[in-house]
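Engineer: I would like to see how this sequence folds:
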Amino acid sequence: MKLFALSDLHVGYAENRWAIERMTPRPSDWLILAGDLGETEQHLLYVLETLGPRFKRLVWAPGNHELYTMPSERGGPRGQARYERLVELCRSRGVLTPEDPYVLWDGEGGPHVLAPMFLLYDYSFRSDGVPERDAVAWAMESGVLCSDEELLDPAPYASRPEWCRARLAATEARLGALEGRPTVLINHFPLREELVRLRHIPRFSIWCGTRRTHDWHTRFRARVVVSGHLHIPRTDWIDGVRFEEVSFGYPRQRPIGRSADSCLREILPGPAGAAPPGM
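Structural biologist: This next block holds a predicted model:
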């Protein structure tokens, strides 16, 4: 029994649906879905119903796109209420969410506590000297503006950073209450700023995480940290901890015909020979 991960499936694209429908069944293994499966409830359900039967268990952490209020869903729940609705949909299909008790992975590479999280961002991945209130304007000076500013409603919170701070406090308390087992931390957004390498749009970083999680990998005994969002799949090692960016991404970002299977990342027990550089 192995633990795999994939994120940013963006199944609004026909090419991505084609790839997901052709994924190899792995009935003994678990799959982490680290956010941005799509933009609507139907996109989420499509992924869960397509991949649920192919894996023993799914684990979901939301991205920003799942929380969008699209024109077709204007009358539906938004903000926190939308997130709660998505949690209900996942639970109805046996999918683990950030609102469920953390489970102990006892498959290959275990035991590890699996901790799916929903943390958002607080605009702190910005240049020193730029106040939070000016962060979006600072990013726009370079010609970038995230769709979240229009589509991701933070209600009932006054702003997305305020919602982020509430999520950080609640999640930090839960992780702090864990006893000494090693963990796998799962979040859509990267937990450390230096992982956000956006050469062409560097100021997009403000929508990519929060500095308040920079030490969580050591504080909470992570063996692996799983994230997506950047659409730049890679492996990094920090303080002896493996960080996996597991995005599938948009069709234009991949070689033509590249399969979802080939993008699937083994989290536990981990690829053969996986070890920090120099070991």
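Engineer: those strands in the stretch 151-279 of the chain, which residues are they?
Structural biologist: Using DSSP state E, counting those that start in this stretch, the strands of the stretch 151-279 of the chain run over residues 183-186, 222-227, 234-238, 241-245, 265-268.
Engineer: and those as TSV, adding mean pLDDT and mean neighbour count?
Structural biologist: Every C-beta, even on glycine, is put in place using the N, C-alpha and C of the backbone. Listed next are these as TSV, based on pLDDT from 0 to 100; neighbours: other CB atoms under 10 Å:
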stretch	mean pLDDT	mean neighbour count
strand 183-186	98	26
strand 222-227	98	26
strand 234-238	97	14
strand 241-245	98	22
strand 265-268	97	22
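Engineer: Need the single longest helix in this structure, by residues.
Structural biologist: helix 160-176 (DSSP state H).
Engineer: Not counting it itself, show me its contacts.
Structural biologist: 79-80, 98, 102, 115, 117-123, 132, 148, 152, 154, 157, 183, 210, 212-213, 216, 219-220 (CB atoms under 8 Å, 6 or more residues apart in numbering).
Engineer: In helices, which of the residues you listed appear?
Structural biologist: 80, 148, 216, 219.
Engineer: I'd assumed Glu132 was in contact with Ser124.
Structural biologist: Yes - taking contacts as CB atoms under 8 Å, Ser124 lies within contact range of Glu132: 7.5 Å.
Engineer: Just say helix, strand or coil for the residue lying closest to Gly270 once chain neighbours are set aside.
Structural biologist: Once flanking residues are discounted, Gly270 sits nearest to Gly109: 6.2 Å by CB to CB, 6 or more residues apart in numbering. Under DSSP: H, G, I helix; E, B strand; the rest coil, Gly109 falls in the coil class.
Engineer: Can you list the buried residues in stretch 156-164?
Structural biologist: 157, 160-161, 163-164 (16 or more other CB atoms under 10 Å).
Engineer: okay, these in JSON lines with pLDDT and distance to Arg85 next?
Structural biologist: JSON lines is the format used below for the buried residues of stretch 156-164 (pLDDT from 0 to 100; distance: CB to CB, whole Å):
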{"residue": "Tyr157", "pLDDT": "98", "distance to Arg85": "17"}
{"residue": "Arg160", "pLDDT": "97", "distance to Arg85": "18"}
{"residue": "Pro161", "pLDDT": "97", "distance to Arg85": "23"}
{"residue": "Trp163", "pLDDT": "98", "distance to Arg85": "16"}
{"residue": "Cys164", "pLDDT": "98", "distance to Arg85": "20"}
